[in-house]
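Undergrad: Coordinates for the following, if possible.
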Amino acid sequence: MSISGIGTSHYPAWQEAGRGQKNNSGVGFASRMADIVGANTSESGRKTNAVSGRDNYVGGDAASVYDMGVYSRKDISVSQNLNLPIETERYKIEDASYVDGVPAYEIMDKETGRGLYIREDQLMIQKDEKTGLEFVINMDQPFSCNVPMTGELKGILNEIAGKRGIDLKEVPLQGGLIVNQDPRTGLRYLSIQGNEAKGMSVVATSKEDLEIIEKLADEFTKYSVSSQRSTAGLYALLEISGNLKREGEGMTFLTPNGITYIPYDGDKDKAWEIEIPSSDYSVARKYLAMGIEASNYQAWLSKFNSARLLDIDTEQLNHYSMNGDRNGYRFMQ
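TA: Numbering: from 1, shown residues only. Here you go, the predicted model:
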């Protein structure tokens with residue numbers, strides 16, 4: 001299946017993501033898109049991605065999450081032997097202990113294409129208290145490395161925990177993560193509470209969810225500025241996460257540190273970009289949802305005393321959208 005126009009045979013997303021992770025260079029936009037919606041995985045890519053840096057938003061927080069004491073061995077004398085890989089119609093779990101010389105696993109949801117690498121001492125089930133949704137998340141790269149939990153997967157992980165003699169903890173979502181829902185599409189997404197522009201991951205639990213994303217991307221391909229399928233996919237995700245508004249002759253979207261307007265036809269003379277402190281993001285998000293005339297930069301400037309209008313590299317309108325990290329926008333690494 002092709003997600004947002006990205007075919008699995010053309011973009012080894014995990015591999016590209018890992019290759020450029022440490023210095024944030026050489027990472028194709030298509031691979032970012034693929035990991036956000038859980039498409040396009042390759043075995044070699046997951047292994048590379050496993051040891052390469054962490055998502056920017058995390059900073060030092062992942063270490064504190066992993067140091068909270070969620071990992072414990074109940075009986076070190078228990079048999080350490082697992083018959084890996086474990087594979088069912090939907091899931092495949094493989095040994096990844098060759099990374100850093102510690103017990104680790106690669107978990108793949110074959111139905112949605114979503115997968116992750118995770119060390120055994122970082123393995124836990126995280127639950128969103130509001131929705132009840134549960135996940136396995138690599139907190140070094142939470143938006144590109146997470147798998148929604150099902151009863152089947154929980155059973156497999158409990159079996160592994162029993163054989164390995166570990167206490168598989170169930171904890172609330174960590175690192176400020178929260179599950180929100182897009183009212184238009186009904187899709188849920190994993191994001192950061194209070195600054196959803198820092199990162200997001202669609203909670204795609206079925207092929208039907210992926211098809212919804214595909215159809216939304218179709219809408220954006222009608223605009224010349226987002227006619228490329230991969231760029232259209234990015235704008236679709238921005239809209240799902242409540243960070244983009246389409247109106248009149250263009251679209252306005254939020255970043256962690258600013259507001260950007262791009263006309264549908266790519267007219268560089270009409271594009272603009274405003275910088276605001278990251279502390280003002282949540283307020284800007286409320287204005288966007290309340291129906292502010294988003295395409296009018298003067299309307300925004302009147303709301304924020306500290307906002308300033310920037311010179312925008314309008315010749316790169318289509319290109320920078322594919323760069324994926326302008327103004328600190330991090331969907332994934």
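
Undergrad: Next one: residue 225 from residue 294, what distance?
TA: Residue 225 is 16 Å from residue 294, where distance means Cβ to Cβ, to the nearest Å. C-beta: built from backbone N, CA, C; applies to glycine.

Undergrad: Which stretches in this structure count as helices?
TA: 13-20, 29-37, 43-50, 61-66, 151-164, 207-220, 229-240, 281-290, 297-301, 317-323 (DSSP state H).

Undergrad: what comes up buried for the fifth one?
TA: To tie it back to what came earlier, the one meant is helix 151-164. 153, 156, 157, 160, 161, 164 (16 or more other Cβ atoms under 10 Å).

Undergrad: Now for the spatially closest residue to the fourth one that is not a sequence neighbour: which residues touch it?
TA: The reference is to residue 160. Excluding the flanking residues, the one nearest residue 160 by Cβ to Cβ, 6 or more residues apart in numbering is residue 82, at 6.5 Å. By Cβ atoms under 8 Å, 6 or more residues apart in numbering, the contact list for residue 82 reads 95, 160, 163, 164.

Undergrad: who's in contact with the closest residue to the first one other than its chain neighbours?
TA: The shortest distance from residue 95 to any residue other than its chain neighbours is 4.4 Å, reached at residue 84 (Cβ to Cβ, 6+ apart). If a contact means Cβ under 8 Å, 6+ apart, then residue 84 has 93, 94, 95, 105 as its contacts.

Undergrad: next one: residue 146
TA: Contacts for residue 146 were tallied using Cβ under 8 Å, 6+ apart; they are 114, 116, 135, 136, 137, 138, 190, 201.

Undergrad: Same list (the residues you listed) but as a markdown table, adding pLDDT, distance to residue 182 and neighbour count.
TA: Putting the contacts of residue 146 into a markdown table (pLDDT from 0 to 100; distance: Cβ to Cβ, whole Å; neighbours: other Cβ atoms under 10 Å) gives the following:
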| residue | pLDDT | distance to residue 182 | neighbour count |
| --- | --- | --- | --- |
| 114 | 90 | 18 | 25 |
| 116 | 93 | 23 | 26 |
| 135 | 97 | 18 | 21 |
| 136 | 97 | 23 | 22 |
| 137 | 96 | 20 | 26 |
| 138 | 94 | 24 | 23 |
| 190 | 94 | 12 | 26 |
| 201 | 91 | 13 | 27 |
